[in-house]
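K.L.:
Quick one, what's the 3D model for this:
(chains A, B and C)
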Amino acid sequence: MVKTFRQYEEDIVRCNRCGFCEEVCPTYKATGEEFSLARGRNRLMRQSMEGHFDLTKEPEINHHIYSCLLCGACVVTCPSSVITDTLVKAARAEITRANGNPFPIRMALRGVLARQRRLTLGAKALRFYQRSGARWLARHTGFLGLLGSLGKAEGLLPDIPARTLRERLPEVLKKPLKPRHKVAYFAGCMMNNFFPQVAESTLRVFQENDIEVVVPVSNCCGIPHEAYGETEMHVKLAKENLDSFKRFNVEAVVTDCASCAHGLHYYAELLKDDPEYGPLAQEFAAKVKEASQYLAEVGFKKEMGPVNATVTYHDPCHAVRGLKIKNEPRQILKSIPGVKFVEMNESDWCCGGAGSYNVTHYDLSQRILARKMENFKKTGAQYLATSCPACLMQLAHGLDVHHLPARAIHVMQLLDQAYQNRSVKSGARAV
Amino acid sequence: MVDQSTLNELVRIVGRENVLTSKVSLNTYMYDASLVYGQPEVVVYVQNAQQIAAIMKLASSKKIPVTPRGGGTCLSGGAVPQRGGIVIVMTRMNRILEIDPENRVAVVEPGVTNMELQKAVAPYGLVYMPDPASQKVSTMGGNLGENSGGMRGIKYGLTRDHIIGMELVLSNGEIVQIGGKLEPIAQELNLNALLIGSEGNLGIATKIICKLTPAPRANRTMLATYKTLEDAGTSVSAIIARGIIPCTLELMDNKIINAVEDWLHIGLPVDAGAILLIEVDGWDAGLDRQAQQIMEICRENGATDVKLAKNAKERDDLWTARRMAIGAIGRLAPNYDMEDATVPRTKLPEILKEVNRLSQEYNLAIGMLAHAGDGNLHPLVLFDERNKEQMERVEKVRAALFRKALDLGGTLSGEHGIGLAKLEFVRWAFNPEELRFLRRVRLAFDPSEILNAGKTVPDTDTAA
Amino acid sequence: MRQENINKLEKILGAGNCQIDPDIRRQHSCSKTALPDAVVYPESSQQVAEVLRLAGEEGIPVVPWGAGTMACRGLLPLAGGLVINLTRMNKIIEYDYENMTAYVEAGIPLGELQKTLRTHNLYWPVEPVEPDTCTVGGCIAAGASGPSKLGYGDVKFHILGLEVVLPTGEIIHTGGKTVKNVQDYDNTRFLAGSWGALGIITKAMLKLRPVPEKETTVFLPFKQLKEAIAAARIIRNDTLPVALELLDGAAMAVLARAGWKADGKGPGVLVAYNGFREQVDTQVDYVKKQFPAATILEGEAAAAAWQARRQLFPVFAGASGAILASVAIPFTAMEEFLTRARDELKQSRKGAALAAHFGNGHVHIFLDEAPGAYAGVQETVNRLATLAGDLGGLLVVDNIDDLTLTRRWVEARGRAVMELLSRLKAAFDPQRIMAPNSKVLAYVIDNSRAVS
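P.N.:
Model prediction:
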């Protein structure tokens, strides 16, 4: 079981208020406010722990606790290694335990995200909204303006494809003639419903590399639930996924969503004291690999066609700080002939997507995104590559809103295109 | 002191969303990086000098204390509103207004961090020389107020040597221009000098004019190991006596070495009494000879080993211990206190010995870091804020440290300022006449004494 | 001054240390007719304090004095009052060569000080016009600087602390012994350049430097001013000179009369490099490569050149005197200012010379007219002042009594500055006895005090 808020006293007192987190905290950089800074959030949590406030009854504290991106940059920079992101999550769990989440959030977490069929139904409804003219109406009649942050966030939605990944699996999954490896692919909620074409690229790439892929039934990895302090639901989902995956004898559990990868890896910590699922979670977590991480480990074919473009890479928080993955995606991009790779300034700064943050905190997330776009502009790149669909959605929105002539793309899509370009004689097609 | 009509006026000046009075928001403006706390009555975010001027006019007329705040990284309580009143948050005045490379001048708003300025001028082959350890987060307004130092201080000087002018809001709300981009030619009193290091007591800077320096072309980095702190101290004196002024001369003691080694396992000499990180810079020609001379001097003075970096990666490695020193110490206890008493360089071994003695006498772990070149000591005292009895011992160590520094011809603070944290000790450094005089100077700027009221110069028992 | 006050002074200082002889009084004034009533020679800070307390009680204006080498640059004529000559307070109290500091009494002449400092291979890098006779206190009060301010800055960069006797009779200490020191407001540097208007510096903690391993001077002759300017610009941008002086043809001719003659008749550039020999050689080689006509001066030749440079204005002025105007200009505007100023001066048909501390953006304009006959050049000066202003700079005339240009400059800082300066003056000198003729505040406060 994870620790509860009060059990973190020894961790929370370690903050010396040095302020070094100011350098890297995106919400502080965007606002200049102390309570939007790791140090300020620590202060409020500590004051609550010491009895000056009731954590569960202060809407303002709640607001500041939830304005944290959980990007973890503060933890890396802190001279005292204060684990602020963990503390924030613990505080949220404490608040949720006392008050429950607001109805729409509860509905989204329990009623939709934890029920894959409903989630897919919802996605299809959104697709209908997009294609039927309803979206045009909503946007042009000012209706969206009535919906606050949600209304603004509407622009984030990618065009939702007709079929989910799961629906496409029969055409996509092909067992290689001479498989070198066998892995289980975890189809995350966003990949399955919003970006199935990305997932397809991933599966094609793996199969191209003689890796047999199975796609077990799975539920949400539980990261959103953790972010909203829904500990019970989080544990339930973990166990459900573990039960599903244990039926397969595979070398690795691979996913192309960095968030899911981190979330799945976390099951070991989450369930480490659970007598029944503990050992299973340890075993499972050891097998969890992010897609580029796995390919870098087992090796991937270098015979590719060219993709002639300048490419830069945005490090998703869950990859660079969650899983300490930095080189592997770059390795892949640099191995593609024709790619000119340029490093982006502050490439590991949060894009402001942070899961559902860009929906619940649209304005602030856009200010954070603006900094990312400034940095991207300076690279002059045509592709902004990343390895998380949440980042993908946020970055694509940023390129659109800032009118930048570039495309947000997943690393696996570029690799997939490179393999496909092998058969094209000349003038390799852009992705 | 801050009544409803004051609040209404503040709202009129900066807008409702920029005036905070809730318990929760005030709570997060009660501290900086020191051990002092104080609760403001209202927190205000400002965007420009006109807003600050209007607020100061209001505060002056009603005698409301005002505390300007940048990043709130001050180590002496400079950003803590001990007397309540208004906190003016300057973080949103964070634009770099001008960089003029050939005239070697930059103009910045006070909320720009030191490092942001460094990064902005680097592409022109220029450096803003003051490099306080907090440079990634401390703001230029704060650097100005505290006359911030840094490792380069011994060779290149301090903030007062590199800020040549400012736009200033006086306590009565008037806006004036101090100094300027040109080197002075007219016979004027040097108000610029008085303002730098004045801890926010004499005015609020709203534009800061900085002098830029051509970046040194090359450097050589060395790490010397010693059995004792004394040997390291003698080396420091000997190097400088040879006429070599390094741009970095950092001392770390056994506790720091072990803290870093325990954490990072990089092969530091865990039995050493001290290590010295030394760097010389300038034109490439002649640096090898300077480095050789330094290494000889170190060996002559007891160094058991001296490493010279051959490339950028090796240089980075040699710097690791220094870079991670505070982090390494910070892991060992919930809290640490970093003082900056300073002594003449030759007295460094003596005060280091004293700190060791105090550490044993009061049973507190103290790691020693020092800008050895200018005698600027940074003892890192470990403790737990929640342990009141231990805090009392920490206070006794601080007092003894200041006593010794003054006895050795030194000062209470080399860079962090007096603020609130050392206010009680200022009476050891100055006699009543001198304190009265300092207060008269302050009152000339701020007759109502509302700017950072109660800090730097005691205002009780020092009737001006 | 009333006889009873003279008696009181004699009691405080001893009869020999209180002088009313007219010749001595004339030596301590900036005018042939407006003389102080007496000159006193204290031997300790306590005596200084007692004198000031008496002056405060009796409302007697007081002017501090060292060797007087620069006094009249910063003081207006004053009739009456008391001059306090600090030259009997001339000891080195502590020479801590290991810490590179020297704690000295203000009256010590610089030449004597430097001699002692050199015994441990150190020196104090301050360059007044008279580097032998100027006192330390005088250097500090006058904000002394010379060509080497380019490399080292003026005097305020080289003081760590002061003992000051305030006009109230309080003896206070500012700063301390360490380079890093923030325990008081920086009154130390504030008092540098205060020209005696706020108090009397009696002791100073000096920050010393090691004598450089090598010092080399390079002289570059040119036919045209434009070439000289272009060269100076390159030298300042590409190297790190300790001094960089540009002299027009007229100034070069004066330089010859002052004791150092170069070949050729056009403008010249004098550059100094200091430091470790490889660093000096690298830079000198670079200059020689860029400008093959450059000649290297070392040892006595270099000393003679710099000595002549220091004496440039006195030699130009001669017995009849001359007007000295100083200009501060952005570095990037130096070329335009110098060339247009030269043209302006040619048109004015007055004897004139230009000498620039090029790297600092400072230009000194010498005008061949006695200070008493300023009206003859006023129009030219005004045009030069306008030129300077248009280019983002400032012109002041150093050696006349008219402070209009300076006052305008200070007033432009904001009306509140004048009020602030007035309040600061009151904080130091509530009785307003301290050097009321000091230019640095004369345009701020009423300076019409004169008591006989």
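K.L.:
and the stretch 201-350 of chain C, which residues reach chain B?
P.N.:
With the criterion set to CB under 8 Å from any CB of the partner chain, the stretch 201-350 of chain C comes near chain B through C:210-213, C:237, C:240, C:275-279, C:281-283, C:326-332. C-beta here means a position set from N, CA and C on the backbone, and glycine is covered the same way.
K.L.:
Report the closest residue of the stretch 51-200 of chain A relative to chain C.
P.N.:
Chain C sits closest to A:Pro79 of the stretch 51-200 of chain A, with a gap of 22.3 Å, by CB to the nearest CB.
K.L.:
is it true that that residue lies in a helix?
P.N.:
No: using DSSP: H, G, I helix; E, B strand; the rest coil, the assignment for A:Pro79 is coil, not a helix.
K.L.:
That one - how many residues pack around it?
P.N.:
By other CB atoms under 10 Å in any protein chain shown, 19 other residues sit near A:Pro79.
K.L.:
Could you find the closest non-adjacent residue to residue 405?
P.N.:
Because you didn't say which chain, this covers chain A. Nearest non-adjacent residue to A:Pro405, counting by CB to CB, 6 or more residues apart in numbering or on different chains: A:Gln382, 7.8 Å away.
K.L.:
Please refer instead to chain C.
P.N.:
Excluding the flanking residues, the one nearest C:Leu405 by CB to CB, 6+ apart is C:Val396, at 5.1 Å.
K.L.:
so is the one you found in a helix, a strand, or just coil?
P.N.:
Quick answer, by three-state DSSP: C:Val396 is strand.
K.L.:
what do you get for B:Glu385?
P.N.:
From three-state DSSP, the assignment for B:Glu385 is coil.
K.L.:
pretty sure it is in contact with B:Asn335, am I right?
P.N.:
Yes: at 4.9 Å, B:Glu385 counts as touching B:Asn335 under the criterion of CB atoms under 8 Å.
K.L.:
Next up, identify which helix or strand the closest residue to the residue of the stretch 51-200 of chain A closest to chain C other than its chain neighbours is on.
P.N.:
Spatial nearest neighbour of A:Pro79, chain neighbours left out: B:Gly327 (3.8 Å); criterion: CB to CB, 6+ apart. Following DSSP states H and E, the helix or strand that holds B:Gly327 is helix B:312-330.
K.L.:
what helices or strands is that helix leaning on?
P.N.:
The criterion is 3 or more CB pairs under 8 Å, 6 or more residues apart in numbering or on different chains; DSSP states H and E, and the helices and strands that helix B:312-330 contacts are strand B:218-226, strand B:248-253, helix B:254-264, strand B:274-282, strand B:335-338, strand B:366-371, strand B:376-383.
K.L.:
and chain C, which of these is closest to it?
P.N.:
Nearest to chain C, of all those, is strand B:376-383, at 4.8 Å by CB to the nearest CB.
K.L.:
right, quick check: that closest one against chain C, any contact?
P.N.:
Yes: legend: contact between strand B:376-383 and chain C by CB under 8 Å from any CB is shown at B:Asn376.
K.L.:
So that strand, near chain A or not?
P.N.:
No: counting by CB under 8 Å from any CB, chain A has no neighbours in strand B:376-383; the shortest distance is 10.4 Å.
K.L.:
which residues sit against the helix or strand that that strand is followed by?
P.N.:
Going down the chain from strand B:376-383, the next helix or strand is helix B:388-407, by DSSP H and E. Helix B:388-407 has contacts (CB atoms under 8 Å, 6 or more residues apart in numbering or on different chains) with B:337, B:339, B:341-343, B:351, B:354-355, B:358-359, B:362-364, B:366, B:377, B:379, B:381, B:383-385, B:411-412, B:422, B:425, B:428-429.
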